[in-house]
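In: Give me a 3D structure for the following:
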Amino acid sequence: MDLRRYDTPDWLSDALIDALPCNPPKYLLDLGAGGGSLTAAALRRWKETPSLTMDVDVDAHAEIEANFQFKDGIKEHRHVNFDVLEPDIDVAAGIDPGSVDIILSNPPYKSASWRPEFDKILDRAGLNRQAMMLNEVTLDLIFLAQALYLVRPGGHLGLIIPDTLVTGQKMDKVRAELSNAHAIERVIQLPRGAFSKTDAQAYILILTRGKPNKEIVLERVNEFGIWSDNVILPVSRAGERLDHAFHSFSECLEQQDLVPLSDFGIKVARGRHSSSQVKKSAGQFFHTTQFPSMVGHKVHLRGSRNFESKSRGVLAETGDILLARVDRSLEQKISIVASGSAIISDCVFRLRCNPQFRDRIFQGLCSSLGQSQLIARSRGVGARNLSIRELLKIVV
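Out: Numbers count the residues shown, from 1 in each chain. I've put the predicted structure just below:
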């Protein structure tokens with residue numbers, strides 16, 4: 001497992017520290033510290049704060065020490081070689097649960113096979129897996145639970161988290177539970193490409209343990225360092241999602257006289273065949289790679305009738321609207337079938353509707369407004385994905 005793929009660049013570390021409250025903490029903890037970028041940024045601001053870094057990588061300590069180029073004046077720093085996924089984290093760190101002022105972390109963006117000890121870690125943080133109906137777990141959720149266990153009441157968490165926790169449908173109960181039990185102060189949407197050699201979508205989460213607030217500040221910074229106007233989100237909507245792009249766009253749409261796709265009686269179907277099956281089929285499927293390079297261009301399908309009858313797949317025919325369900329640029333992959341037929345892959349949606357509404361729906365999806373909605377309603381750390389439920393909420 002490549003745990004260092006999303007190491008924190010210095011500018012992002014500084015942005016996270018700047019987002020935290022100004023009062024100097026009495027003690028600082030960095031979980032999964034890697035090369036120590038977050039701690040280094042914190043100590044540039046609070047040089048005399050005692051700090052503890054923790055990482056499973058046996059080489060992390062030497063790298064952290066090398067990166068601390070301002071050792072003179074640092075009051076105290078300790079490092080512990082330990083796996084944050086283990087439940088006895090307080091014993092390993094030599095600290096009492098609920099005692100740390102500020103906890104920082106940029107967790108690995110990975111999923112983990114379920115371990116029995118994860119139930120204990122989540123439960124003691126007030127995140128019950130059964131109540132939240134989680135069948136699998138991402139490491140950022142375990143790191144978050146460990147941080148909640150160790151931070152003091154009124155203390156702060158500063159985490160860099162992936163899109164899954166902020167927008168994922170399966171995480172709606174997690175978001176609701178967090179906002180009801182704690183104060184989610186700020187969620188800052190970062191530009192794709194914030195991490196070197198990846199376009200992963202990530203966010204800064206600032207949370208205060210206990211003392212729930214009534215509103216959450218959503219912010220966004222683009223790749224040029226320009227900050228958008230804040231969106232103030234009522235806590236009651238936290239379960240929906242927590243990204244600035246979605247909610248700022250929703251505010252704009254509420255002011256326009258548009259109709260959601262669900263009102264047109266559209267029948268949406270998703271292909272059944274995986275990408276691996278597509279690769280073995282010698283071009284018998286319509287896949288995301290076959291969309292025209294220009295948005296809104298028509299396609300002529302040349303599927304084999306013999307193959308179609310045997311595949312038992314979802315068939316696209318003349319008049320159907322096709323759009324990508326999964327892709328890094330799914331908003332640019334929209335087309336309409338001008339002739340022929342073909343089986344679609346499971347990365348493609350087929351839309352069928354009353355012919356009298358077809359042009360309005362197709363042009364609406366292809367418009368800049370439609371593409372912006374596809375971006376806002378899709379989710380994903382890397383390649384984005386769009387659910388049927390979110391698709392049908394798009395207005396035209």
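
In: C-alpha from now on. contacts and neighbour counts both.
Out: Fine.

In: pLDDT value on the residue most central in space within the chain, please?
Out: Geometric centre of the chain, nearest residue: residue 163, 0.4 Å, by Cα atoms, centre = their mean. Looking at residue 163, its pLDDT is 89.

In: Could you list the low-pLDDT ranges of this protein?
Out: Within the chain, the ranges that satisfy pLDDT under 70 run 1-7, 69-73, 130-135, 196-197, 251-256, 282-283, 306, 308-310.

In: Restricting to C-alpha, output the longest strand along it in PDB.
Out: The residue-count maximum for a strand in the chain (DSSP state E) belongs to strand 151-162. Taking Å, rounded to 0.1, in the frame of the first residue of the first chain, the C-alpha atoms of strand 151-162 are listed here in PDB:
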ATOM      1  CA  VAL A 151      -8.700  15.500  21.500                       C
ATOM      2  CA  ARG A 152     -10.000  17.300  24.500                       C
ATOM      3  CA  PRO A 153     -13.600  18.700  24.700                       C
ATOM      4  CA  GLY A 154     -13.400  22.100  23.000                       C
ATOM      5  CA  GLY A 155     -10.200  21.000  21.300                       C
ATOM      6  CA  HIS A 156      -9.700  21.200  17.500                       C
ATOM      7  CA  LEU A 157      -9.100  18.800  14.600                       C
ATOM      8  CA  GLY A 158      -7.500  19.900  11.400                       C
ATOM      9  CA  LEU A 159      -7.700  17.200   8.800                       C
ATOM     10  CA  ILE A 160      -7.200  16.800   5.100                       C
ATOM     11  CA  ILE A 161      -9.800  14.400   4.000                       C
ATOM     12  CA  PRO A 162     -10.900  12.900   0.600                       C
END
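
In: which helices and strands sit right next to the helix or strand residue 62 falls within?
Out: Assigned by DSSP states H and E, residue 62 falls within helix 60-67. Contacts defined by 3 or more Cα pairs under 8 Å, 6 or more residues apart in numbering; DSSP states H and E place helix 60-67 against helix 37-45.

In: elements contacting the helix it packs on?
Out: Using 3+ Cα pairs under 8 Å, 6+ apart: helix 37-45 touches helix 10-19, strand 28-31, helix 60-67, strand 100-105.

In: possible to save these as JSON lines with mean neighbour count?
Out: Compiled in JSON lines, the helices and strands packed on helix 37-45 are given as follows (neighbours: other Cα atoms under 10 Å):
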{"stretch": "helix 10-19", "mean neighbour count": "17"}
{"stretch": "strand 28-31", "mean neighbour count": "26"}
{"stretch": "helix 60-67", "mean neighbour count": "16"}
{"stretch": "strand 100-105", "mean neighbour count": "26"}
